[in-house]
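Chemist: sequence-free structure coming up:
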Ligand code: B12
Ligand code: SF4
Ligand code: SF4
């Protein structure tokens, strides 16, 4: 029987699929003859590409990039271009119903998003990029490293200093990555012409960035829920471009967390409630950045001196021991962002805050939120010299700040009074307990 163009193409893909299976590169079942793919990628992931396949049936709508004037395949050229733009990572994911998308509605239902109600909006769109771009075929995902050579939060033990998360030391990543994606978008428009369609986002649209990043081969979900790249670590931002172009897809890397659970054990607020599951309401990052109101009192003592975001779970991760450092100038730390003195932060009025953190992620907390966090950090510092600073906020017109100042003041006072009591009272006599075999040491 003579093969038409599409069947011949299908046959070639079918043979390629069989070859890959035989090579054990990827365990994917491709049944092109029924134009119905069901793939099983190693770790039990089920991909239903049926809808994509149905689209392929409507072959006339499929947009293949021009490859004339070049011996290098288009996807490779696009990746080289992205690397030239300063994206350390770039990959392509298919538009499909990935397993992890299914966890999302339940996560919301269990209330783990807290006050981040924006995560509940446009739910169908978050689960399917075709709601954004009906012709979507591929998602190009970029990863840009933000790590710098400065110390980790776990290395700083100074009661007079606060902690601002590493990701917020430089310029706002939304702006930096958006520029790179805009350049990629332009590249496509020039190479493909008017048939090209694309939408790009950096955490700005209804997308689950990490899911598509995983299937674009950028990394695996760590148990702390951040994506980790075997070569570069987890200190990278993610942005994506959804397009109607059919490109060569990358494969997701295997989970390399193994039996490790350092991040889970190190989290001071027990926010990682199970491997790969975060209760955002307990996460210091949420409490200091996203939450607008009072920080629950029970969690305040565990927050230590964090004034914006938190890095602990990534600091302790073995895959970050040799993490790559950024080549992006915009992510180098601005002055006074790495472990800033608490007293200096307390001197900032609203105008100074606005000036200092213009085009920085820190502006998201607003002065009111930042000062609330600072009061918690001052309270946790245990330094009685901060009592006068905290006392200034006891009379503040803003109720939120008055309440956090009251808490901090009492905490510092208890510490000071407690020390005074300790000094007056003679230490209790120590009676050694005889060692019993099998007992706890
Ligand atoms: C909301 C949000 C937050 C919230 C909630 C975080 C969270 N884990 O969900 C808060 C404010 C706490 C937060 C904190 C941080 N964030 Co944030 N955040 C987002 C945002 C806007 C949405 C994330 C989301 O939808 N979460 C919903 C939940 C359900 O998703 P998830 O936790 O990732 O869970 C998935 C997996 O864990 C998996 N899963 C769930 N259960 C199970 C079970 C099993 C068995 C398996 C295998 C998988 C699995 O499926 C889930 C659904 O996809 C994204 C940008 C975006 N649009 O995607 C950035 C984003 C995730 N954040 C980012 C960053 C950098 C951070 C911080 C490091 C910042 C900081 N230092 O303070 C911290 C990290 C804290 C942490 N441990 O996650 C980066 C992550 C980059 C990376 N390399 O992974 C993103 C992608 C922004 C970006 N574009 O670069 N963030
Ligand atoms: S960012 Fe901090 S609080 Fe949030 S999960 Fe990681 S260690 Fe816990
Ligand atoms: S600390 Fe361990 S468990 Fe947590 S993300 Fe890193 S490797 Fe995985």
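Modeler: Thanks, I have it. Note that the structure is predicted; figures quoted are calculated from it, not measured. Numbering: from 1, shown residues only. Ligands and ions are numbered 1, 2, ... in the order given.
Chemist: which helices and strands does the helix or strand encompassing residue 213 pack with?
Modeler: When elements are assigned from DSSP states H and E, residue 213 belongs to helix 209-215. The contact analysis (3 or more CB pairs under 8 Å, 6 or more residues apart in numbering; DSSP states H and E) places helix 209-215 against strand 89-94, strand 138-145, strand 220-221, strand 227-228, strand 236-243. In short, each C-beta sits where N, CA and C put it, glycine included.
Chemist: next one: it to chain centre, how far?
Modeler: Relative to its chain's centre, helix 209-215 lies at 11 Å (CA atoms, centre = their mean, to the nearest Å).
Chemist: what about the helices in the stretch 1-150 of the chain?
Modeler: With DSSP state H, counting those that start in this stretch applied, the stretch 1-150 of the chain shows helices at 5-23, 50-57, 74-84, 103-109, 123-127, listed in chain order.
Chemist: Quick one: check the helix holding residue 213 for contact with ligand 3.
Modeler: No. In terms of CB under 6 Å from any ligand atom, no part of helix 209-215 sits within range of ligand 3; the closest distance is 12.8 Å.
Chemist: go on, stretch 296-313?
Modeler: No. No part of stretch 296-313 sits near ligand 3 under the criterion CB under 6 Å from any ligand atom; the closest distance found is 6.6 Å.
Chemist: mind checking the end-to-end distance for that stretch?
Modeler: End-to-end distance for stretch 296-313, by CA to CA, to the nearest Å: 21 Å.
Chemist: Check stretch 192-204 too.
Modeler: Stretch 192-204 stretches 26 Å from its first residue to its last (CA to CA).
Chemist: ok, now stretch 165-181?
Modeler: Criterion CA to CA; first-to-last residue distance in stretch 165-181 is 25 Å.
Chemist: Report the buried residues of that stretch.
Modeler: Neighbour counts using 16 or more other CB atoms under 10 Å place 165-174, 176-178, 180-181 of stretch 165-181 among the buried residues.
Chemist: Residues contacting the helix holding residue 213, please?
Modeler: When contacts are defined by CB atoms under 8 Å, 6 or more residues apart in numbering, helix 209-215 is touched by residues 91, 93-94, 96, 98, 100-101, 129, 139, 141, 143, 201, 203, 219-221, 225-227, 238-240, 249-250, 252-253.
Chemist: buried subset of those?
Modeler: Buried members of the contacts of helix 209-215, counted by 16+ other CB under 10 Å: 91, 93-94, 96, 98, 100, 129, 139, 141, 143, 201, 219-221, 225-227, 238-240, 249-250, 252-253.
Chemist: Could you say which helix or strand holds residue 397?
Modeler: Here residue 397, judged by DSSP H and E, is contained in no helix and no strand.
Chemist: do you know how far it is from residue 373?
Modeler: 19 Å (CB to CB, to the nearest Å).
Chemist: picking up where we left off before, where among the helices of the stretch 1-150 of the chain is the average confidence lowest?
Modeler: Ranked by mean pLDDT, the helices of the stretch 1-150 of the chain end with helix 50-57 in last place, scoring a mean of 36.
Chemist: Does the longest helix belonging to the chain pack against any helices or strands, and if so which?
Modeler: Using DSSP state H, we find that the single longest helix of the chain is helix 399-424. Applying 3+ CB pairs under 8 Å, 6+ apart, one finds that helix 399-424 makes contact with helix 366-381, helix 387-393.
Chemist: now it and helix 366-381, what's the angle there?
Modeler: Relative orientation of helix 399-424 versus helix 366-381 (axes from the mean of the first three to the mean of the last three CA atoms, to 10 degrees): 10 degrees.
Chemist: How far away from the center of its chain is stretch 259-276?
Modeler: Here stretch 259-276 shows a centroid-to-chain-centroid distance of 16 Å under the convention CA atoms, centre = their mean.
Chemist: which of the residues in it are buried?
Modeler: By neighbour count, with 16+ other CB under 10 Å as the criterion, the buried positions of stretch 259-276 are 260, 262-264, 266-269, 271-272, 275-276.
Chemist: average pLDDT across it?
Modeler: Averaged across stretch 259-276, pLDDT comes to 98.
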